[in-house]
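> coordinates for the following, if possible.
(one chain, ligands or ions: 1)
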Amino acid sequence: MRGLLPLFRGLHTVSNRQARRKAGIVGSRCGLCGTQSVNKPQPKFGLLFDIDGVLVRGRMLIPAAKLAVEKLVDSQGRFVVPVVFVTNAGNCLRQTKADQLSHILGVPITQDQVVMSHSPLRMFKKFHDKCVLVSGQGPVLEIAKNVGFKNVVSIDMVRESYPLLDMVDHNRRPKLPSTPVVSLPTVEAVILFGEPIRWETNLQLIIDILLTHGNLNSPHQTHAVPHLPLLACNMDLMWMAEANSPRFGHGTFLVCLENIYKKITGKDLKYDALMGKPSELTYHFAEYLIRSQAMQRQWKLPITSLYAIGDNLMTDIYGANMYNRFLEERAAIKNPKAVAQVVAATGSSTAMPGGEEEFDSMWESELALPSATSCKSILVCTGVYNPIAEVPSDASRSIKETVFHGHRDFRFDPALVEPNYIVQDVAEAVDLIFQQEKFVPAVCWARLLAVVVRVLGVVRGLAVVAVLRVVVRV
Ligand SMILES: [Mg+2]
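Now for the predicted structure:
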């Protein structure tokens, strides 16, 4: 719980600051229609979209995603409801992912609409000044610094400094006897961003760091307990790209690391935090961004319902259902301090480190703000989940998982992998949500005028043709 205090204080502060600033600068007037957005239908709900398997597969746009976006934006390309894109990807910056989505979906998307698996790391201020080893691929050093870490060491830096450690690939072994070439500072924590490229190298060097307590000049100490703090983003065992079958995800890498550590030491590997879906912390962050969007757009109605659309039972559906369970408990309790205790007891936040202990007013006011009371899960069939038969009408009897693909530290609860709805694709999901919420996007007068003009043009054309026919006959 201590760890959540700076988290929510940070969110609250940023929320109000950004919302006030943007509310003052960004008007809600529709330039073409000249009408205030407050006069338009205002949403009481927000959407959380998974990306891979819902909007895209690899680099390919899923056709239904284009239709879904058309339903969700006005004539200026602005979303008519709060939308966040929640991905377990962690190999790029939020801005980079926002730019990719803007390009592929054809509408402007900001980084404030993106939650990546590593986004909550910015709240772990306790580690930001420590020397951390990062594992993953892509610009992990840049990402680590972007989320607040100041003293970062990569696997490549370790390998170059200690050339005798990475020996699995015979071709990468040093040809001549080597000694450490650059002395690295003692590593104080390990951050796992995502699956690396050379798994054997990362597995070997991470185990070395853990068993030497960060000092690679020392031999392994298999009895050392506890090991260095370990934080991991993205627990997906598999993910769906262009191939017919799912691909290994970071969760598979974690399975390897956990089993190697257990085999060597006889003890369980302990995580100080697990982030990304289905971690509850990720949904807290997403809900905050949705509320923030509503404030910026001057939508006055509180956001009471969330809908999470995904293709993965063990991440998207499990996470949404677990957050829904939390929301229901929160609604029942109606007490900020008790709520904080529930947060600490039910999710990844139990393992969050904390730097400040006081319960301040910002924390309480953040929880006291109008927020969601439910989070509905919607499963699409365009990604990891592949129904053998047609989409069944009774979802409650259709999902029977026989193998738990979730992370070791998450309990398998059959109720949490039951989606509230199953639809074919994301366009159907949007239709379903609008229907559930009885939400009809406002007809933009400019768009309506354009339709009228087009119709008049057709009518005029038909009239001209009719006149010409008469003339020809005469
Ligand atoms: Mg997915």
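> okay, now whichever residue of the chain sits closest to the ion: neighbour count?
Scanning the chain for the residue nearest the ion gives residue 53, at 3.6 Å (criterion: C-beta to the ion). Yep, even glycine has a C-beta here, placed from its N, CA and C like the rest. Residues lying near residue 53 (other C-beta atoms under 10 Å) number 25.
> you'd agree residue 426 is up against residue 65?
Yes: using C-beta atoms under 8 Å, residue 426 is in contact with residue 65, at 5.5 Å.
> shared neighbours, those two?
Shared contacts of residue 426 and residue 65, defined by C-beta atoms under 8 Å, 6 or more residues apart in numbering, are found at 54, 55.
> more neighbours: the two, which one.
Per other C-beta under 10 Å, whichever of residue 426 and residue 65 has more neighbours is residue 426, with 31 against 23.
> next, the contact list for the residue lying closest to that one once chain neighbours are set aside, please.
Among residues not flanking residue 426 along the chain, residue 68 sits closest, at 4.4 Å (C-beta to C-beta, 6 or more residues apart in numbering). Residue 68 makes contacts with 55, 425, 426, 427, 429, 430, as judged by C-beta under 8 Å, 6+ apart.
> can you tell me if the helix or strand where residue 68 lies touches the ion.
If you go by DSSP states H and E, residue 68 is part of helix 63-72. No: Helix 63-72 lies apart from the ion when judged by C-beta under 5 Å from the ion; the minimum separation is 12.3 Å.
> off-centre distance for whichever helix or strand comes after that helix?
Downstream of helix 63-72, the first helix or strand assigned by DSSP H and E is strand 83-86. The chain centre lies 7 Å from the centre of strand 83-86; the measure is C-alpha atoms, centre = their mean, to the nearest Å.
> who touches stretch 244-253?
Outside stretch 244-253, the residues within contact range by C-beta under 8 Å, 6+ apart are 88, 90, 192, 194-196, 199, 202-203, 232-241, 384, 405, 407.
> with stretch 203-219 instead?
Where contact means C-beta under 8 Å, 6+ apart, the residues beyond stretch 203-219 that reach it are 131, 133, 135, 155, 158-159, 161-162, 165-168, 180, 184, 186-188, 190, 192, 220-222, 224, 227-228, 230, 253, 256-257, 260-261, 264-265, 269.
> how distant is it from the center of its chain?
How far stretch 203-219 lies from its chain's middle: 31 Å, per C-alpha atoms, centre = their mean.
> buried set for it?
For stretch 203-219, the neighbour count (16 or more other C-beta atoms under 10 Å) marks 203-214, 216 as buried.
> and those residues, which two are furthest apart?
Pairwise distances across the buried residues of stretch 203-219 (C-beta to C-beta) peak at 17.9 Å, for the pair 203 and 213.
> circling back to that earlier point, what sits closest to the residue of the chain closest to the ion if chain neighbours are left out?
Once flanking residues are discounted, residue 53 sits nearest to residue 383: 1.9 Å by C-beta to C-beta, 6+ apart.
> doesn't residue 55 make contact with that neighbour?
No: between residue 383 and residue 55 there is no contact under C-beta under 8 Å: 9.6 Å.
> now do the contacts for the residue most central in space within the chain.
For the chain, residue 86 is the residue whose C-alpha lies nearest the centre (C-alpha atoms, centre = their mean; 2.8 Å). By C-beta under 8 Å, 6+ apart, the contact set of residue 86 is 48, 49, 50, 51, 115, 277, 282, 283, 286, 308.
> buried ones in stretch 256-270, by neighbour count?
257, 258, 261, 265, 269.
> and what of stretch 191-200?
Buried residues in stretch 191-200, counted by 16+ other C-beta under 10 Å: 191, 192, 193, 194, 195, 196, 198.
> got the end-to-end distance for it?
17 Å (C-alpha to C-alpha, to the nearest Å).
> and that stretch, how far from the chain's centre?
That offset, for stretch 191-200, works out to 19 Å (C-alpha atoms, centre = their mean).
> rounded mean pLDDT for it, please.
For stretch 191-200, mean pLDDT is 96.
> check stretch 333-349 too.
48.
> quick one: the helices in the stretch 301-450 of the chain?
Remark: helices assigned in the stretch 301-450 of the chain by DSSP state H, counting those that start in this stretch are 318-333, 336-346, 361-368, 426-437, 445-473.
> so where's the stretch 251-400 of the chain uncertain?
Scanning the stretch 251-400 of the chain for pLDDT under 70 picks out the ranges 334-370, 388-400.
> near the ion, which residues of it?
Looking at the ion, the residues of the stretch 251-400 of the chain close enough under C-beta under 5 Å from the ion are 311, 312, 383.
> same thing but at 6 Å, please
With C-beta under 6 Å from the ion as the criterion, the stretch 251-400 of the chain comes near the ion at residues 310, 311, 312, 383.
> which residues touch residue 155?
133, 134, 135, 196, 201, 202, 205, 206.
> can you redo those residues as TSV with distance to the ion and secondary structure?
Compiled in TSV, the contacts of residue 155 are given as follows (distance: C-beta to the ion, whole Å; DSSP: H, G, I helix; E, B strand; the rest coil):
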residue	distance to the ion	secondary structure
133	28	strand
134	24	strand
135	22	strand
196	21	coil
201	28	helix
202	24	helix
205	30	helix
206	26	helix
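> now the two most distant members of those residues.
Most distant of those, by C-beta to C-beta, are 134 and 201, 13.7 Å apart.
> what about the strands in the stretch 151-300 of the chain?
For the stretch 151-300 of the chain, the strands defined by DSSP state E, counting those that start in this stretch occupy 151-154, 189-192, 230-233, 238-239, 247-248, 273-275.
> quick one: which of these is nearest residue 371?
Nearest to residue 371 among those is strand 273-275 (20.8 Å), distances taken as C-beta to C-beta.
> what is the closest one packed up against?
In terms of contacts (3 or more C-beta pairs under 8 Å, 6 or more residues apart in numbering; DSSP states H and E), strand 273-275 is packed against strand 230-233, helix 280-296.
> at 7 Å what do you get?
strand 230-233 (3 or more C-beta pairs under 7 Å, 6 or more residues apart in numbering; DSSP states H and E).
> so what strands line up beside the strand it packs on?
When pairs are called by DSSP bridges, strand 230-233 turns out to pair with strand 189-192 (parallel), strand 273-275 (parallel).
> can you put those in JSON lines and add distance to residue 119?
Formatted as JSON lines, these follow (distance: least, C-beta to C-beta, whole Å):
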{"stretch": "strand 189-192", "distance to residue 119": "13"}
{"stretch": "strand 273-275", "distance to residue 119": "8"}
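> let me know which of the ones you listed is tucked in deepest.
strand 273-275 (a mean of 26; mean count of other C-beta atoms under 10 Å).
> which outside residues touch that strand?
Here strand 273-275 makes contact (C-beta atoms under 7 Å, 6 or more residues apart in numbering) with 117-118, 120-121, 231-233, 235, 281-282, 348, 351-352, 407, 409.
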